[in-house]
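Novice: Structure, please.
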Amino acid sequence: MGLDTLTINPLGIENPLTGSGENTVLNWPMFHHDPSRTGYSESTAPENSNLVWSFRTGSYIFSSPAVMNGKVYVGAYDRRVYCLDAENGENIWSFETDGAIYSSPAVVNGKVYVGSRDHKVYCLNAENGESIWSFTTDADVDSSPAIFNGKVYVGSYPRVYCLNAENGENIWSFMTGGRVDSSPAVVNGKVYVGSYDDNVYCLDAENGALIWSFTTGDFVYSSPAVVNGKVYVGSYDDNVYCLDAENGESIWSFTTDADVDSSPAIFNGKVYLGSRDRKVYCLNAENGENIWSFTTNAKVFSSPAVADGKVYVGSRGSNYGNIYCLDAENGALIWDFAAGGSIFSSPAVADGKVYVGSFQPYHRVYCFGVKYGVSVSISPSYQSGQPGGTLDYTVTVVNTGGAEDTYTLTVGDNSGWATMLSENQLENVQPDENRVVTLSVTIPENAENCTKDNITVTATSHTNNTINASDSCIAHAIILKAIIYPTADVYAFDGYSRSQLKFDISDIPFGSNILSAKLWLYRLAADGWDGSIVLNRVDNQVWDGAITASEFDAQTLTNEENHASKFTSHGWDNLNVLNQLNVDHSAGHTYASFRLGWMNDDGSEPSTGVRDGRFLAIESQSDNLLIVFYSKEYDGRDPYLEVTFENFIGD
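Specialist: This is a model prediction of the structure:
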């Protein structure tokens with residue numbers, strides 16, 4: 001559907017914007033929202049004064065923002081039109097004219113239309129700010145354009161112009177008796193506009209012919225709003241008027257206590273407007289009766305915006321002013337914000353946010369809205385594991401914003417290890433609520449020593465995908481297993497059994513954390529053994545396989561540990577040597593030696609053994625070996641030391 005297609009909205013007004021595919025909930029295309037100047041949006045609107053962002057222009061702002069397709073357009077006294085990112089306020093582009101800009105931009109079909117005090121109306125490319133055309137009027141253009149049916153309607157001094165929206169050619173102009181700062185409303189083939197000659201005019205939208213005029217008691221700066229066959233407009237004679245849209249006859253008027261610059265907003269049978277008497281009024285649209293009024297801190301030039309049961313409006317003092325949010329039903333104050341400067345600008349409401357400019361001294365564009373936010377933390381931040389093992393981390397997601405939100409969780413890593421979340425979507429997370437999920441990381445079987453994977457978990461808002469947060473953790477393949485065979489052993493001397501093993505531990509890097517150490521031995525045959533073993537650390541590493549019996553007996557034994565109920569059946573079993581091994585490893589020794597004996601062998605009657613050195617008998621009879629441990633020389637069933645450790649070297 002093109003721009004020429006009309007649709008009728010629930011208020012009973014013609015609106016080309018909904019028919020052009022431009023979502024009026026997400027957008028506020030021109031001054032007071034639409035060509036009828038209703039000042040109403042179906043968008044949600046903020047319930048508190050959360051300042052999402054502010055942008056400082058080069059000078060004060062009289063212009064009212066337009067919002068279209070995620071961008072905010074506004075003019076400033078520094079002669080520039082600005083295009084800002086609606087989400088973060090970053091400046092996308094600016095276009096400089098030759099005069100101050102009081103006019104409020106209108107954005108339709110990818111073009112920005114705005115007036116300047118350099119006597120021109122400009123048409124700019126909405127994406128990049130490049131000039132498409134300009135039209136020179138007779139004087140300043142403070143009036144805000146209305147775009148309808150491929151035409152631009154705008155006021156100057158002393159004329160109302162109708163221009164071709166594509167090329168800027170003048171289609172017609174209408175001469176009034178004074179300055180036209182009022183912004184035209186266009187409804188049902190008619191143009192409604194006020195003038196400093198005290199009149200409200202109704203013109204034929206096609207040819208500019210006068211249909212009727214209504215004379216007030218003073219200037220008409222206010223822009224008319226036209227809804228349900230009625231024209232609502234303010235005057236410097238302190239009155240608000242309701243006129244018949246067909247013939248201009250007065251239906252009612254309401255008197256305030258000062259000039260009415262503010263343009264009325266109309267919704268749900270009510271008229272909302274401000275006055276220089278410092279008040280915001282809510283009137284019955286049918287008869288003009290005062291429903292409520294709210295007193296602000298200063299004069300009200302700003303035109304109210306109505307959305308989501310709320311009224312947004314600004315006040316203007318001498319270098320101060322507030323932005324107010326009022327309850328549309330009863331006028332109760334919901335929130336206010338001290339802008340630090342006068343507010344002439346009229347709020348725009350789009351996509352749940354309120355945008356408004358300030359005059360002096362701060363001259364900023366403000367954006368108020370719900371703050372969306374999220375934080376992510378992972379605990380622990382570091383874990384190590386054995387190749388093939390799985391490490392579990394706790395991921396905590398917190399809604400740090402001001403509204404319920406849903407988050408999608410994604411995992412990234414730099415080593416390609418297998419990762420899994422217990423949940424990847426957290427729905428309906430309330431403000432300040434914590435949600436916890438488990439991150440599982442599997443270390444590959446073939447992971448090399450000391451390799452790491454840096455894993456990142458990101459939570460992204462469903463409401464606004466630019467809102468996200470991440471945290472990272474490290475999985476480290478540093479738990480290693482070493483199998484160490486003896487470099488020397490002793491099994492028998494002169495008919496007495498002796499069992500002593502020596503292991504080279506130099507391949508376990510100094511500084512590693514030894515998690516377990518097991519001495520594995522094989523029971524070949526025995527009968528009736530009670531499994532009572534004693535193991536000593538040998539505090540002498542000089543010996544080798546050629547050690548003599550006297551040298552053997554002269555060695556220092558320490559760190560004795562008893563092991564009951566071991567080797568009670570045929571096959572492999574192990575002795576825990578962690579504490580004994582750590583003594584040698586912590587001292588930086590190259591070797592660790594262990595001596596095995598029978599727990600009841602006090603040395604007075606030492607165990608006897610086999611003379612060939614292949615076996616050790618802890619207790620024996622002449623014709624029956626009760627317990628036999630296998631030596632490294634027999635059939636491959638060698639004793640060995642199994643050490644599991646964490647290697648932090650090179651982290």
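Novice: Just give the number of residues close to Tyr320.
Specialist: Tyr320 has 18 neighbours, counted by other CB atoms under 10 Å. Heads up, the C-betas are built off the backbone N, CA and C, glycines and all.
Novice: Please apply the same query to Pro380.
Specialist: Per other CB under 10 Å, the neighbour tally for Pro380 reads 11.
Novice: mind listing what it touches?
Specialist: Applying CB atoms under 8 Å, 6 or more residues apart in numbering to Pro380 gives the contacts Tyr393, Cys473.
Novice: where are the low-confidence patches of the stretch 501-650 of the chain?
Specialist: Scanning the stretch 501-650 of the chain for pLDDT under 70 picks out the ranges 524-531, 598-636, 647-650.
Novice: show me where it has helices.
Specialist: 549-554, 578-586 (DSSP state H, counting those that start in this stretch).
Novice: List of residues touching stretch 412-428?
Specialist: By CB under 8 Å, 6+ apart, stretch 412-428 touches 395, 397, 404, 406-411, 435, 437-444, 447, 451-459, 475.
Novice: which residues does Leu333 contact?
Specialist: So Leu333 contacts Phe294, Tyr324, Cys325, Leu326, Asp327 (CB under 8 Å, 6+ apart).
Novice: rewinding a little: which of the contacts of stretch 412-428 are buried, as a ChimeraX select command?
Specialist: Only the buried entries of the contacts of stretch 412-428 go into this ChimeraX selection, using 16 or more other CB atoms under 10 Å:
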select :395,397,407,409,435,437,439,441,442,443,447,451,452,453,455,456,457,458,459,475
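Novice: who does Thr558 bridge with?
Specialist: Going by DSSP bridges, Thr558 is paired in beta bridges with Arg537.
Novice: whoops, I mixed them up, Tyr73
Specialist: Counting by DSSP bridges, Tyr73 is bridged to Ala66, Cys83.
Novice: ok so, going back, what about the helices of the stretch 501-650 of the chain, which gets the closest to Pro509?
Specialist: Pro509 lies closest to helix 578-586 among these, at 9.7 Å (CB to CB).
Novice: which residues touch the closest one?
Specialist: Taking contacts as CB under 8 Å, 6+ apart, the residues outside helix 578-586 that touch it are 505, 508, 510, 512, 514, 516-517, 535, 537, 541, 559, 561, 591-592, 594, 641, 643.
Novice: And the chain, what are its domain boundaries?
Specialist: Structural domains assigned to the chain are 7-369, 374-477, 480-646, following automatic domain parsing.
Novice: weakest of those by average pLDDT?
Specialist: Mean pLDDT is lowest for domain 480-646 among the domains of the chain, at a mean of 76.
Novice: can you give me the end-to-end distance of that domain?
Specialist: Domain 480-646 stretches 6 Å from its first residue to its last (CA to CA, to the nearest Å).
Novice: Could I get the contacting residues of the residue nearest the centre of the chain?
Specialist: The chain has Ile467 as the residue nearest its centroid, 2.0 Å off, counting by CA atoms, centre = their mean. Residues near Ile467 by CB under 8 Å, 6+ apart: Tyr372, Gly373, Val374, Gly401, Thr460, Ser461.
Novice: farthest pair in the residues you listed?
Specialist: Pairwise distances among the contacts of Ile467 were taken by CB to CB; the largest, 12.9 Å, belongs to Gly401 and Thr460.
Novice: if we can go back for a sec, now, which of the contacts of helix 578-586 lie within strands?
Specialist: Using DSSP state E, the subset of the contacts of helix 578-586 located in strands is Ile514, Ser516, Ala517, Leu535, Arg537, Asn559, Glu561, Tyr591, Ala592, Phe594, Leu641, Val643.
Novice: Quick check: of those, which lies closest to Leu575?
Specialist: Leu535 (5.6 Å).
Novice: And for that closest one, the neighbour number?
Specialist: Leu535 - counted by other CB under 10 Å - has 22 other residues nearby.
Novice: pretty sure it contacts Glu561?
Specialist: Yes. If you go by CB atoms under 8 Å, Leu535 and Glu561 touch, sitting 5.4 Å apart.
Novice: can you list residues touching both of those two?
Specialist: Common contacts of Leu535 and Glu561, defined by CB under 8 Å, 6+ apart, comprise Leu575, Val577, Gln580.
Novice: can I get these in a markdown table with distance to Val231?
Specialist: Formatted as a markdown table, the shared contacts of Leu535 and Glu561 follow (distance: CB to CB, whole Å):
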| residue | distance to Val231 |
| --- | --- |
| Leu575 | 101 |
| Val577 | 98 |
| Gln580 | 100 |
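Novice: Now a ChimeraX select for only the buried ones of these.
Specialist: Filtering the shared contacts of Leu535 and Glu561 down to the buried ones (16+ other CB under 10 Å) takes a single ChimeraX command:
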select :575,577,580
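Novice: nearest to Leu391, of the shared contacts of Leu535 and Glu561?
Specialist: Nearest to Leu391 among these: Val577, at 27.5 Å, using CB to CB.
Novice: Show me what the residue nearest to Asn330 when sequence neighbours are not counted is bridged to.
Specialist: Among residues not flanking Asn330 along the chain, Trp292 sits closest, at 5.8 Å (CB to CB, 6 or more residues apart in numbering). For Trp292, the beta-bridge partners are Cys282 (DSSP bridges).
Novice: For Trp292, the count of nearby residues, please.
Specialist: Trp292 is flanked by 18 other residues according to other CB under 10 Å.
Novice: Against Arg276, how distant is it?
Specialist: Distance, Trp292 to Arg276, by CB to CB, to the nearest Å: 19 Å.
Novice: likewise Asp98?
Specialist: Applying CB to CB, the value for Asp98 to Arg276 is 31 Å.
Novice: Please apply the same query to Pro380.
Specialist: To Arg276, Pro380 is 64 Å away according to CB to CB.
Novice: got a list of contacts for the host helix or strand of Cys473?
Specialist: Using DSSP states H and E, Cys473 falls within strand 468-477. With CB under 8 Å, 6+ apart as the test, strand 468-477 has contacts from 373-378, 380-387, 391, 393, 395, 417, 439, 441, 443-444, 447-461, 651.
Novice: now stretch 136-143
Specialist: 62, 99, 102-103, 115-117, 119-121, 154-159, 161, 179-184, 193.
Novice: Select only the buried ones of those in PyMOL?
Specialist: Taking 16+ other CB under 10 Å as the burial criterion, the selection of buried members of the contacts of stretch 136-143 in PyMOL is written as:
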select buried, resi 62+102+103+115+116+117+119+120+121+154+155+156+157+158+159+161+179+180+181+182+183+184+193
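Novice: Okay, and which of the contacts of stretch 136-143 map to strands?
Specialist: Short answer: these in strands (DSSP E) are Gly115, Lys120, Val121, Val154, Gly155, Arg159, Tyr161, Val193.
Novice: which two from these end up farthest apart in space?
Specialist: Maximum pairwise distance among those (CB to CB): 19.0 Å, between Lys120 and Val193.
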